[in-house]
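>>> next comes the sequence, and after it the predicted model I'd like to discuss.
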Amino acid sequence: MGGIYSNEPMEVAGAVCSKCGEDLPQIRGWRDIKIKKIYGKWTHEFLGGMYYREKIPTAKHVCKTCFWTPEHILKKREQEAAERARAKAEEDKAETMRLQAKAEAAKAEALKATAELMKAKSLSDINTKENVNESLIRHDKHIIDIE
């Protein structure tokens with residue numbers, strides 16, 4: 001028993017790069033696929049080099065950029081992207097802390113203003129009570145003077 005082959009290759013519906021996730025173009029049929037030995041391995045070349053797949057059943061599609069770019073460059077790009085993301089996260093954290101400090105300072109100013117207002121009100125109340133007491137004393141003194 002031999003394997004059953006489809007009349008059309010599976011890439012007729014297009015494919016996705018296994019490394020970067022780029023959508024790869026559709027092919028029209030078997031004539032868009034060539035088999036070449038690249039990097040010492042038999043490889044399917046699609047649409048004249050638009051994307052590649054090693055000629056083994058478990059191989060995955062790879063766009064031409066990822067295929068021709070050495071692994072160490074791809075790893076370096078991933079590390080740089082991770083470093084940028086880490087720096088952005090630290091920057092966001094610093095901004096959050098700055099905003100929290102600003103909010104705390106505003107809260108402290110509000111509390112200070114409230115304390116000043118309460119102090120002024122207390123002084124006002126004290127002055128009012130003193131004025132009432134003085135008036136009563138004067139009034140009492142005036143009553144005594146009249147008698």
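Everything's here; your move.

>>> output the below-cut-off pLDDT ranges for the chain.
Scanning the chain for pLDDT under 70 picks out the ranges 1-6, 127-147.

>>> ok, which stretches of it are strands?
15-16, 23-24, 33-38, 41-46, 51-54, 62-63 (DSSP state E).

>>> mean neighbour count and distance to residue 79 added to those strands, as TSV?
Yep, even glycine has a C-beta here, placed from its N, CA and C like the rest. Formatted as TSV, the strands of the chain follow (neighbours: other CB atoms under 10 Å; distance: least, CB to CB, whole Å):
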stretch	mean neighbour count	distance to residue 79
strand 15-16	18	23
strand 23-24	15	25
strand 33-38	12	26
strand 41-46	17	27
strand 51-54	22	25
strand 62-63	22	20
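
>>> right, and those strands - which one's nearest residue 9?
Between residue 9 and these, the tightest spacing by CB to CB is seen for strand 33-38, at 6.2 Å.

>>> for the protein, which segments count as helices?
Using DSSP state H, the helices found in the chain span residues 64-68, 71-146.
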